[in-house]
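Novice: This is the structure alone, sequence omitted:
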């Protein structure tokens, strides 16, 4: 897929900015991506440059990052950090009940729905599988799978509907930290990937060079391309 000029529709719901990049074809895949303002254009252009098949991208920004993407409350994980307040369930309800119906009015049919995200949004993408069966493909890039209590939650709860495929990625320097929480991220990601593979889910774990912040747009596009190509 290649376009010189981006075609998109923009609307707002509950202080969230939603950008819909509609597929030129009917009954295409639709991928929802929680991200920061301005990232939608960058990721979409990158995907177009990678020659992806026709699909619809829905980028949601204006998020209260440490609230909307967090499954439950946790205290600050470092001196300079802020606490997370668990608003993921409320945001997921907003996404499914209000954002998605309006976004899908702008396209001509949906073949399947995917959910993608980077960092805390990658955590949210994984967590969502235990709260809804609406997404059939998941992409978690540099997902915050170090989140306290996550492994216990995943091993004690069932996925609502086994997804067709799940993509994971991390930077190879992300776990090289003295922070007792962040240092578990690669171990936890690999454990979850193996667990899902054991369920028969098509999974992939990509280890990229660099830290958490390196090439975030490219890494995000790579993950979305993977789930589009399965």
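Specialist: Received the coordinates, thanks. None of these values were measured; they are calculated from a predicted model.

Novice: Spit out the contact partners of the residue nearest to residue 112 when sequence neighbours are not counted.
Specialist: Closest residue in space to residue 112, ignoring its immediate chain neighbours: residue 136 at 4.8 Å, by C-beta to C-beta, 6 or more residues apart in numbering. (Glycine included, C-beta is placed from N, CA and C.) Listed by C-beta atoms under 8 Å, 6 or more residues apart in numbering, the contact set of residue 136 reads 112, 113, 114, 161, 163, 164.

Novice: would residue 112 count as being in a strand?
Specialist: Yes - counting by DSSP: H, G, I helix; E, B strand; the rest coil, residue 112 falls inside a strand.

Novice: which residues of the chain score low on pLDDT?
Specialist: 1-5 (pLDDT under 70).

Novice: pretty sure residue 63 is in contact with residue 16, am I right?
Specialist: Yes - the criterion here is C-beta atoms under 8 Å, and residue 63 meets it with residue 16 at 6.8 Å.

Novice: Compare those two (neighbour count), which wins?
Specialist: Applying other C-beta atoms under 10 Å to residue 63 and residue 16 shows that residue 63 carries more neighbours, namely 22 against 19.

Novice: quick one: contacts for that one?
Specialist: 16, 34, 69, 91, 121.

Novice: Now, the residues you listed that are in helices?
Specialist: Counting by DSSP state H, the contacts of residue 63 place 91, 121 in helices.

Novice: now the contacts of residue 63 as CSV including distance to residue 150?
Specialist: Below are the contacts of residue 63 laid out as CSV (distance: C-beta to C-beta, whole Å):
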residue, distance to residue 150
16, 24
34, 17
69, 13
91, 17
121, 14
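
Novice: most surrounded residue in the contacts of residue 63?
Specialist: residue 34 (27 neighbours).

Novice: ok, so what distance separates it from residue 141?
Specialist: 11 Å (C-beta to C-beta, to the nearest Å).

Novice: Quickly list what's touching both of these two.
Specialist: By C-beta under 8 Å, 6+ apart, the residues touching both residue 34 and residue 141 are 116, 117.

Novice: Mind jotting down where the helices sit in the chain?
Specialist: 39-49, 65-68, 88-94, 100-104, 120-128, 150-156, 185-198, 216-229.
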